[in-house]
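Asks: sequence first, predicted model second:
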Amino acid sequence: MLTVPALCWLCRMPLAISHWGICSCCRKALPVAPPCCPVCGLPAMVTTMPCGRCLQKPPPWQRLLYVTDYCPPLSALVQALKFNQQTALARPLARLMLLRAREAQRESAFPRPDLLISVPLHRQRAWRRGYNQSALLAKPLARLLGCRYDERVLRRVRRTPAQHHLSARLRKKNLHDAFRLELPVRDLHIVIVDDVVTTGSTVGEIAQLLHRHGAATVQVWCLCRTL
């Protein structure tokens, strides 16, 4: 029987390696973010040291990596993964995060992660959606990195309103005491995996919790950062 070649999710041309999901031409054509601070990920004049915002008020993580700004075409793929049941996108999108992490590692060395964790959903929201898109990204990413992923490490214990309806101030208040650690993280280099980081309230709350329990370093890796 003849096999049908897998197609690129963006240009719909046949792929040389089917599980990549996005061809090399489309990956290279993704929008390039402006020079950004390596800590908060927001636009900055210098990319090798923390920006003025981070020097005055450092975020609770040590590094933030993302593939592109939240804009087409990647934003459409994120929406398809998150809301349209297109779970087959998880592995190709995880590969984009891996490639970005490798590029960043060449720019400035940082500890190799011991553990990947995904931003958890409350059990009711996970039941309605049927899956956690951040977990779907973290699992193949951990395999590609050859490091540990354990979805039992972090649990969302309080149901909160959807973040995208709230202001930055209310987002932070909304997440207070929303998460609980279930396993030890002391002296571990940890990466928090999410699909999109907007204000950073969610990953910031998790990063603070990890540091309170003795994590050595905390990085945030995501597909898109709202600039």
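Replies: Received, thanks. Numbers count the residues shown, from 1 in each chain.

Asks: does Leu89 touch Trp9 like I think?
Replies: Yes - Leu89 is within contact range of Trp9, at 6.6 Å (criterion: C-beta atoms under 8 Å). C-betas here are computed from N, CA, C, even on glycine.

Asks: joint contacts of those two?
Replies: The contact sets of Leu89 and Trp9 overlap at 21, 77 (C-beta atoms under 8 Å, 6 or more residues apart in numbering).

Asks: and the helices in this structure?
Replies: Here the chain has its helices, by DSSP state H, at 24-28, 52-56, 74-83, 90-107, 123-129, 133-145, 168-174, 201-212.

Asks: need the ones you listed in a markdown table with distance to Thr226, can you?
Replies: As requested, the helices of the chain are exported to a markdown table (distance: least, C-beta to C-beta, whole Å):
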| stretch | distance to Thr226 |
| --- | --- |
| helix 24-28 | 21 |
| helix 52-56 | 15 |
| helix 74-83 | 10 |
| helix 90-107 | 16 |
| helix 123-129 | 21 |
| helix 133-145 | 16 |
| helix 168-174 | 11 |
| helix 201-212 | 12 |
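
Asks: for those, which one sits closest to Cys37?
Replies: The minimum distance between Cys37 and the helices of the chain falls on helix 52-56, with 5.9 Å, by C-beta to C-beta.

Asks: other residues contacting the closest one?
Replies: Residues from elsewhere that reach helix 52-56, judged by C-beta under 8 Å, 6+ apart: 37, 39-40, 42.

Asks: ditto for stretch 202-213
Replies: Here stretch 202-213 makes contact (C-beta under 8 Å, 6+ apart) with 59-61, 117, 119, 154, 163, 171-172, 175-176, 178-181, 184-186, 190, 192, 194, 197, 218, 220, 222.
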